[in-house]
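Enquirer: Predicted coordinates and the sequence they were generated for:
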Amino acid sequence: MNLVIESHAPDASSTELSVTRAAAILDVSAPVLRKGLNGGTIPDLSMGTIADLAGRHILTKVEMDGNAVPVLRAGLARQHPDEERRFSGWMIDQPIADTTVALDRWWTAPGRDLIIAAGGFVVAMGSVVCAVLGDIDESRLVERGDRINYNATLAGVLRSDSQVEITGANPWAGLARRVIGSRVLGGGGGNFTRV
């Protein structure tokens, strides 16, 4: 008698998780997770992807020259009627020029002193650090009512292939290499927060 038995065990890394379960694993809220999915910092809800994200370094402090670097909890990129920029917010694989002007301008004043003291900020979406902007100089700020254009330089940005694209040779490029792709938890209380 010739007996042949075949079986197939599903690949656990490709198992799709619910938003609620994935958010619990990553220690974020479901809305934060959805923002990451929609913005591209969280590619999918597979167990492999969520396990990878859960295993990433979580930033608890970011400093540049002894100054705390704030975090911009970015909104999703959306068309913007302003003639200066096509978009506000962030989405993976935006053109560099659109990314810079979508993130560095027309924020309300809260956080201003922290940003100026640091000289830049990191950007997070869905708890994943996706960009770093720096070279902010108080003399180059443009204020329009209660809104501020920081005239920052994009130092680095996350791309869809999980690679970090460094966009400048300024001192902030080193920080970008170290923190983009890491995770940052918490937040709340405004667009710009401390880590």
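Expert: Sure thing, it's come through.

Enquirer: so what pLDDT did residue 5 get?
Expert: The predicted local confidence for residue 5 comes out at a pLDDT of 50.

Enquirer: Residue 139 too?
Expert: pLDDT recorded at residue 139 is 83.

Enquirer: Helix, strand, or coil at it?
Expert: In the three-state summary, residue 139 is assigned as helix, counting by DSSP: H, G, I helix; E, B strand; the rest coil.

Enquirer: Now for the most centrally placed residue in the chain: which residues touch it?
Expert: The centroid of the chain falls nearest to residue 124 when counting by Cα atoms, centre = their mean (2.5 Å). With contact set as Cβ atoms under 8 Å, 6 or more residues apart in numbering, residue 124 has these partners: 71, 72, 73, 74, 130, 183, 184, 187. Quick note: C-beta positions are derived from backbone N, CA and C, even for glycine.

Enquirer: List buried residues within those residues.
Expert: Burial by neighbour count, 16 or more other Cβ atoms under 10 Å: within the contacts of residue 124 this picks out 71, 72, 73, 74, 130, 183, 184, 187.

Enquirer: List the ones among the residues you listed that fall in strands.
Expert: The subset of the buried ones among the contacts of residue 124 located in strands under the criterion DSSP state E comprises 71, 72, 73, 130.

Enquirer: Please convert those to CSV, extending it with pLDDT.
Expert: As requested, these are exported to CSV (pLDDT from 0 to 100):
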residue, pLDDT
71, 92
72, 88
73, 87
130, 93
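
Enquirer: Closest to residue 49 out of the residues you listed?
Expert: Proximity of these to residue 49, judged by Cβ to Cβ, is greatest for residue 130, which lies at 15.4 Å.

Enquirer: right, and residue 120 touches residue 154 too?
Expert: No: Residue 120 sits out of contact with residue 154 when judged by Cβ atoms under 8 Å, with a separation of 10.0 Å.

Enquirer: can you list the contacts of residue 124 in a markdown table and add distance to residue 94?
Expert: Formatted as a markdown table, the entries for the contacts of residue 124 read as follows, by distance: Cβ to Cβ, whole Å:
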| residue | distance to residue 94 |
| --- | --- |
| 71 | 19 |
| 72 | 15 |
| 73 | 17 |
| 74 | 11 |
| 130 | 10 |
| 183 | 21 |
| 184 | 20 |
| 187 | 21 |
